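Participant: Sharing a sequence plus its predicted fold:
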Amino acid sequence: MRNNSVTYIMEGRQQRRRRWIIVTSILTALACILCLLMLLLGNTIYPIKDVIRTLTGEQIQGVSFAVNVIRLPRMLAGLFAGFAFGIAGTIFQTLFRNPLANPNVLGITSGSSATAVFCIVILQAGNAVISIASLIAGLITVIVIYGLSGIRGFSIGRLILIGIGVQAMFDALISYLMLVSAEQNLPAALRWLNGSLNGSQMHDLPPLIISVFILVPIIILLTKHLSILELGEQSAISLGVNTDITRMMLILSSVIMIALATSTTGPIAFITFLAGPIAKRLVGAGFSTIIPAGLVGANIVLASDLIGQFAFDVRFPVGVITGIIGAPYLIYLLIRMNQRGEL
């Protein structure tokens, strides 16, 4: 009887592992296809062979400039920003066991956004300064929110409420900055606030790409502790997890990626909301959704950018398309949580 139970458990685990591998492989293949389409499509559609020759360093008149200078940076920005947003969103949702506990609601993205708008419309700073300032603002915001929520004992509900208040404050500051800014600075600020891959340049991408390659392995190493934290604070402590250090490392890693992604593409709407739940439904229970969530986020951003560029007579920024997709999900989520008595 015992052997049968062990066999049943092992078979279930193997099935879940196969499902994880299949889902992750499909998401990876889809991301590769979307990346290829980002390089092929534009005002002029180039053959695959010309694009490959250009990427390998061969100079082809017209193709080299369009692919290497315009399309490749746009594709890489969408890929890595979407991946970073997806992973960060699912970490916050898992860590605080609440689908509303994501960087958008907690005010972290708004803190980076307000700082970036200040740098654009007041200081008229370059992209490097905007990136550094957004990163620092995001870190300070999360420290303040986390510190205030820890008064008299840490509380997830208090964290969300404080985050919503901080977000409202930063949104008001953004509105004020837009009102007092010079007219010539408004288009850049509005384009950035909507979340856009337009104007992405290769020299702006290294901080984001490097942060993803460094921080994602750290997050993966902490995935086991993250799963234990889902059981609750007391259970995690009894199992030997240093909850404060684990939580801070995960939050810090996520905030750095969010801040750098936001400074590169702007606050692309709802990716942090959508990626985690979609990945969890695809993968199922029993295995980490960190990598699948990142791939879902990347796929949504790339697909939304293609839709925004080619599906309508007018070209829309990627954030507009993700907002159209994500708003109904948020309404559905709020209704569902209300029915369960979670609000």
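Facilitator: Thanks, I have the structure now.
Participant: by contact count, what packs against the one helix or strand T322 maps to?
Facilitator: With secondary structure defined by DSSP states H and E, T322 is part of helix 318-339. Identification of packing neighbours for helix 318-339 by 3 or more C-beta pairs under 8 Å, 6 or more residues apart in numbering; DSSP states H and E yields helix 271-283, helix 290-310. Placement of C-beta: from N, CA and C, glycine included.
Participant: ok now the shortest one, how far from the chain's centre?
Facilitator: This means helix 271-283. Counting by C-alpha atoms, centre = their mean, to the nearest Å, helix 271-283 is centred 11 Å from the centre of its parent chain.
Participant: can you list contacts of that helix?
Facilitator: Among residues not part of helix 271-283, those counted as contacts by C-beta atoms under 8 Å, 6 or more residues apart in numbering are 19-20, 23-24, 27, 82, 85-90, 92-94, 99, 102-104, 109, 258, 289, 292-297, 300-301, 322, 325-326, 329-330, 333.
Participant: And for stretch 193-205?
Facilitator: In this structure, residues lying in contact with stretch 193-205 by C-beta under 8 Å, 6+ apart are 69, 72-74, 76-78, 80, 113, 117, 127, 131, 174, 191, 264-269, 301, 305, 317-320, 322.
Participant: Count residues in the vicinity of the nearest residue to L139 once chain neighbours are set aside, would you?
Facilitator: Once flanking residues are discounted, L139 sits nearest to V255: 5.9 Å by C-beta to C-beta, 6 or more residues apart in numbering. Other residues within reach of V255, judged by other C-beta atoms under 10 Å, total 27.
Participant: doesn't V144 make contact with V255?
Facilitator: No - distance between V255 and V144: 11.9 Å, which falls outside the contact criterion (C-beta atoms under 8 Å).
Participant: Buried residues, stretch 108-115. List them.
Facilitator: Judged by neighbour count (16 or more other C-beta atoms under 10 Å), stretch 108-115 contains these buried residues: 108-115.
Participant: nope, stretch 216-229 is what I was after
Facilitator: Under the neighbour-count criterion of 16+ other C-beta under 10 Å, stretch 216-229 has 216, 219, 222-223, 225-226, 228-229 buried.
Participant: Ok, stretch 46-64 next?
Facilitator: 46, 50-51, 53-54, 63-64.
Participant: Off-centre distance for it?
Facilitator: Between the centre of stretch 46-64 and the centre of its host chain there is 31 Å, according to C-alpha atoms, centre = their mean.
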